[in-house]
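In: Compute the structure for the input listed below.
(3 chains)
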Amino acid sequence: MFDTFPLWPARASTTAGSVDALFIFLVALSTIMSVAIFTMIVVFAVRYRRRKGVAAEQIEGSTALEVTWSVIPLFIFVAIFVWGAVIYFKERTPPRGATEVYVVAKQWMWKLQHEEGQREINELHVPVGRDVKVILTSQDVIHSFYVPAFRIKQDVLPGRYTTAWFHPTKAGIYHLFCAEYCGSQHSGMIGQVVVLEPAQYQAWLSGGAASGSMASSGQNIFQQLGCSTCHRSDTQGRGPNLVGLFGKPVQLEDGRVVTADENYIRESILTPGAKIVSGFKPIMPVFQGLVSEEQLNALVAYVKSLNPSPSGAAGGPAVVSPGAKPQETKVQ
Amino acid sequence: MATAAITAERENYLNQEYGIKSWLLTVDHKRIALLYLLSITFFFFIGGFFALLIRLELLTPVGDLVQADTYNKLFTMHGQIMVFFFLIPSIPAVLGNFLIPLMIGAKDLAFPRINLLSWYLYIIAGALMLHCMLTGGVDTGWTFYTPFSTAFSNTKVIEAGLAIFISGFSSILTGLNFVVTIHRMRAPGMTWDRLPLFVWAHYATSIIQLLGTPVIAVTLVLVVLERALHLGIFDPTRGGDPLLFQHLFWFYSHPAVYIMILPSMGVVTEIIPCFSRKRIFGYKFVALSSISIAVFGFLVWAHHMFVAGISLYAALIFSALSYLVAVPSAIKVFNWTATMYKGSITFSTPMLYAFGFIGLFLMGGLTGLFLACLGIDVHVTDTYFVVAHFHYIMVGGAVMGYLGGMHFWWPKISGRMYPESLGRLAAVIVFLGFNLTFFPQFILGYLGMPRRYWQYPPEFQVLNVLSTAGSTILAVGYVLPMVYFLWSMRYGKAAPDNPWNASGLEWMTTSPPPTYNFDTPPVVDWEAYDYEHIPAPQEARSGG
Amino acid sequence: MADSPIAVEQHNPALKHHFATMEQQREASSLGMWLFLATEIMFFGGMFCAYLIYRYWYFPDFAAASSSLDITLGTVNTAVLICSSLTVVMAVRAAQLDRRKQQVIYLALTLVLGLAFLGIKAIEWTSKFKEHHVPGATFNFEASLPGHPEQPVDQHHAQLFFSLYFAMTGMHALHMIIGVGIFSYLLYHAWKGAYTSEYHTPLENSGLYWHFVDIVWIYLFPLLYLIDRKK
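Out: Numbering: from 1, shown residues only, chains lettered A, B, ... in the order given. Okay, here's the model as predicted:
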């Protein structure tokens, strides 16, 4: 609204519109309720103020009224709950094919890695009109990834991944706040999200990283750490075949079935003994303490890249087979 | 009129015995209530002082008054002191202790020595907390989230944790005392459906204190052990889970907010019938709503964790349950309003505080609906919207209820009248100052200003300045009653037994009461809030 | 007149001034103790909750860690505590029958059994200390998963088990120590003849406390010691 004295946050994502609509409804509802009660109190205070010779009327109560003013609010509450739940459900379900950005939070900065390889500190460039999914983890304490203009927030935890997504609708520069107290410079952990028009975004991307895409960095690490010795792309490996694994159900030795998502890949690298795949021996070495968060992110990106990508997916890295030599991925 | 009149020379609990030993070793619930009054007032002003420093720092967007670490300690200790050393004890330990035996016609609480022990535990905890603050402080936020509190903070987490642990036992023993007293010590004829609703409110509060406080106690034990011995219960680098801490913490800390508000609601439910000269509307429903709030309050804790990483389905369940707990609170507001209908209303200071309570609690409660709503909460959680919400309830609600109750029962407690016009003035100042302090924070929150920020982007400044201005006005409103209550103890007009012509057994004994409360133990054969048979008082006397 | 039951009650030296009758006082004390035990359930409940969650997540490691506990000593301790609850009940019974000497004997037995429990616990903890199973800098749990000789136990998870083991048994032992203190006090007063058929409320209520601490152990023992033991 006003530049120096805004009263409403910028609206820059698809979610922002729905959240604002619900908020305005709640404000209207609350105003009506408050005005109604305040008016009644004022009217009663004036109309029934103490006057000589006029006694108060002793009224015990009215079950009918009590039921009415319990049930009607309850219905209204159910409606609000459902409306809010629908928005939340959408917010917690990232769409397929979203561009992925890996975010590592640490005291007191944001480190971001694009799939294509660009790294940013405290700044995130994204294009208008595309779904973006952030995959978040922390190096130390709990932080929280908060972009008011998008109306999204997600706590960032050490030891696991959490995700959030958004679809920017308006170019501009928006605040990125840490919203979970994390120590001395918690209020200094402010970054910005730079939303660019698609053409400008492509231009920004091509100024990009010399080190290649995340998937190819991941492939390098995969070979350096010797993962390819056991995880082959045929049935002869001592470890499960990772091609086509990501996102699929996995049968474990104890009978459970889990989904191979980011957290599963991460756990399998750091503490492989936690979930043994059915039919395999528990011989994988433990990598906890031997890989950094950024390396883990690259490995996760690499495993994802082993899925055959749907044709025409923009920005997704091409399938890289485990045994092939790493190569520079062309950036359009 | 002689204004220097000493309270009637007949023996009462204040003049029965003199000397510091008679106070520090008392087992009289009324004296213990005054001991608590002194201590919690002390902590209120310390917590308030921290708040003022916070607001002063936030006048400008840059951090220029104190350093970042200091600021982090200020908001942490403001929260800990206000929650554990002011709000949780306040009404129960002062007004509850004083009034519950009187209201039910008993000579004392069930366990008078345990009552004194409660106070000493509180004092020991308070001393430990003071020591912690003076020798470095703690900077984890009052919520102590791990792994920051267990493995990263360089401040005195263990000491603060132990102080709160000890204060928890004070709270548990008070709750235990109240429940047994209400069950076993009621005078003949004082059946459950004749109990003042103030007593019902404290019964519900005590249930929460008994069942909830032990959980935070054991959680703090685990945090202290983890920090001291480098265990891994909440540390992901050692196989632990930080979310486990959050669940254990909020399992108590959500019901704790009902410990803080239910007694205030009880106070308001005594004041409104008195100054409307009619019985409360819907007695059974108001009593039941207190119990419902206590029960449902235990089922909603994870609504503090919607973005913390809990599953989608858990979030849905806790959001739905949170709406359930709003219904009994709404019932109370409607019943209070309906009580005024066709009443005969006057506007003494207690009544003004009750009005303020209804208005501000209503706004605080309505904004709770925003927070229970998943889609909205994602945006506003951990922002100033939440800060505004809980201050509307805690300060606009609980503190105003506390002040209203202090004014209402001051004649009974001290045997003196406070100056009425100053009382009304202070109530209005508090109301105005409060709204100016906290309403802008709703806007700040929706704009996106996060909590616990020492510095902030400049576009948030104007609203912060408004808020700070309000806080100075609020401070004046709080200092005034301190001053004139003290003044009244020496120079206030002597109070009659029942200055408000209120119903309730406490008004049927002298002001102040004798040590054993009643000269002859009462036998009750009338209904609660029987205002038909209590005549209206004379025209309001003018203030001192 | 002067010998009517109420008149006699009001002069009972054990009647506190704020109670009207001995019955009211007894019922209030009893309710107070039951409520206190409810708070204790919530207190231990927090730790049990944490334990159950981690046990569900890390079952194999917890099973391995649990099997390093001395099941013989644990069983003996369980028997000791159950016997001590019996002696407490017998002491209350003796008071009901106005038998002072019997009270003293049973209370003394209870104390001996309680101290025996604590002694055995001390032995267990000492051996854990020697084996480096105490969480902290010196922690080291060399073992492999039961049934999987080639797979080592996760050190972090094993340390979690032992953290909770020491926290829970330590908290329990603290309650035992307090119980021993209370029963020493009771023993002294029983010897002086304070507890009769007319008034033995402190014995009854302390008995409740002791039984509760016993029940907590009865849950602790299988949860901690008996995970997945196959002979």
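In: Report all helices and strands that the helix or strand harbouring C:Thr87 contacts.
Out: Assigned by DSSP states H and E, C:Thr87 belongs to helix C:71-96. Counting contacts by 3 or more C-beta pairs under 8 Å, 6 or more residues apart in numbering or on different chains; DSSP states H and E, helix C:71-96 packs against helix C:100-130, helix C:201-225. For the C-beta atoms, the positions are set from N, CA and C on the backbone; glycine is no exception.
In: Give the buried residues for it.
Out: Neighbour-count burial for helix C:71-96, counted by 16 or more other C-beta atoms under 10 Å in any protein chain shown, picks out C:74, C:77-78, C:80-81, C:83-85, C:87-88, C:90-92, C:94-95.
In: Need the mean per-residue confidence for that helix.
Out: The average pLDDT within helix C:71-96 is 96.
In: cool, stretch B:462-480 as well?
Out: In this model, stretch B:462-480 carries a mean pLDDT of 96.
In: give me the element A:Ile32 is part of.
Out: helix A:14-47.
In: Also B:Thr155?
Out: Counting by DSSP H and E, B:Thr155 is found in no helix or strand.
In: How many residues are close by it?
Out: 18 (other C-beta atoms under 10 Å in any protein chain shown).
In: hang on, it packs against B:Gly141?
Out: No. Using C-beta atoms under 8 Å, B:Thr155 is not in contact with B:Gly141, being 11.2 Å away.
In: so where's the chain shaky on pLDDT?
Out: All of this refers to chain A. A:1-3, A:208-210, A:309-332 (pLDDT under 70).
In: my bad, the chain I had in mind was chain C
Out: Within chain C, the stretches with pLDDT under 70 are C:1-11, C:230-231.
In: Check which element follows the biggest strand by length in chain C along the chain.
Out: The longest strand of chain C (DSSP state E) is strand C:148-152. Where DSSP H and E defines the elements, the next helix or strand beyond strand C:148-152 is helix C:155-191.
In: How far off centre is stretch B:102-117?
Out: On the basis of C-alpha atoms, centre = their mean, to the nearest Å, stretch B:102-117 sits 21 Å off its chain's mean C-alpha point.
In: from chain C, which residue is nearest to chain A?
Out: Residue nearest to chain A within chain C: C:Gln151 (4.3 Å; C-beta to the nearest C-beta).
In: same check, this time on the stretch 201-350 of chain B
Out: Counting by C-beta to the nearest C-beta, the stretch 201-350 of chain B gets nearest chain A through B:Pro236, at 2.7 Å.
In: center of the chain - which residue?
Out: Going with chain A. Central residue of chain A (C-alpha atoms, centre = their mean): A:Ala164, 1.3 Å from the mean position.
In: The chain in question should be chain B.
Out: With distances taken as C-alpha atoms, centre = their mean, the residue of chain B nearest its centroid is B:Leu87 (3.6 Å).
In: Any figure for the gap between that one and B:Ser253?
Out: Counting by C-beta to C-beta, to the nearest Å, the gap between B:Leu87 and B:Ser253 amounts to 12 Å.
In: Also C:Trp34?
Out: 26 Å.
In: cool, C:Phe162 as well?
Out: According to C-beta to C-beta, C:Phe162 and B:Ser253 sit 29 Å apart.
In: ok, the residue nearest to the residue of chain C closest to chain A when sequence neighbours are not counted - contacts?
Out: Excluding its sequence neighbours, the residue lying closest to C:Gln151 (C-beta to C-beta, 6 or more residues apart in numbering or on different chains) is A:Pro282, at 4.3 Å. Applying C-beta atoms under 8 Å, 6 or more residues apart in numbering or on different chains to A:Pro282 gives the contacts A:272-273, A:276, C:148, C:150-151.
In: element containing A:Pro282, please.
Out: Following DSSP H and E, one finds A:Pro282 outside all helices and strands.
In: Which among the helices and strands packed on helix C:71-96 is found nearest to A:Gln236?
Out: A:Gln236 lies closest, by C-beta to C-beta, to one member of those: helix C:201-225, at 44.2 Å.
In: does any part of that closest one sit near chain B?
Out: No. With C-beta under 8 Å from any C-beta of the partner chain as the criterion, chain B is not reached by helix C:201-225; the gap is at least 11.8 Å.
In: That helix packs against which elements?
Out: Applying 3+ C-beta pairs under 8 Å, 6+ apart, one finds that helix C:201-225 makes contact with helix C:22-57, helix C:71-96, helix C:155-191.
In: Just want to know which of C:Trp34 and B:Ser253 has more residues nearby.
Out: Neighbours of C:Trp34 and B:Ser253, each counted by other C-beta under 10 Å, are more numerous for B:Ser253; the result is 21 against 14.
In: Once you drop chain neighbours, what's closest to the more buried one?
Out: Closest to B:Ser253 by C-beta to C-beta, 6+ apart is B:Ile216, at 6.7 Å.
In: got a pLDDT number for that neighbour?
Out: Looking at B:Ile216, its pLDDT stands at 97.
In: and the angle from the helix or strand hosting it to helix C:155-191?
Out: Assigned by DSSP H and E, B:Ile216 belongs to helix B:197-229. If you take axes from the mean of the first three to the mean of the last three C-alpha atoms, to 10 degrees, helix B:197-229 sits at 120 degrees to helix C:155-191.
In: what angle sits between helix B:197-229 and helix C:22-57?
Out: Orientation of helix B:197-229 against helix C:22-57 (the same axes, to 10 degrees) gives an angle of 40 degrees.
In: Where do the helices of chain A begin and end?
Out: Here chain A has its helices, by DSSP state H, at A:14-47, A:63-91, A:198-206, A:214-224, A:227-230, A:262-270, A:293-305.
In: Can you lay out the ones you listed as JSON lines showing distance to B:Leu197 and mean neighbour count?
Out: What follows is the helices of chain A, written out as JSON lines (distance: least, C-beta to C-beta, whole Å; neighbours: other C-beta atoms under 10 Å in any protein chain shown):
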{"stretch": "helix A:14-47", "distance to B:Leu197": "19", "mean neighbour count": "15"}
{"stretch": "helix A:63-91", "distance to B:Leu197": "15", "mean neighbour count": "16"}
{"stretch": "helix A:198-206", "distance to B:Leu197": "63", "mean neighbour count": "14"}
{"stretch": "helix A:214-224", "distance to B:Leu197": "63", "mean neighbour count": "22"}
{"stretch": "helix A:227-230", "distance to B:Leu197": "68", "mean neighbour count": "16"}
{"stretch": "helix A:262-270", "distance to B:Leu197": "51", "mean neighbour count": "20"}
{"stretch": "helix A:293-305", "distance to B:Leu197": "56", "mean neighbour count": "24"}
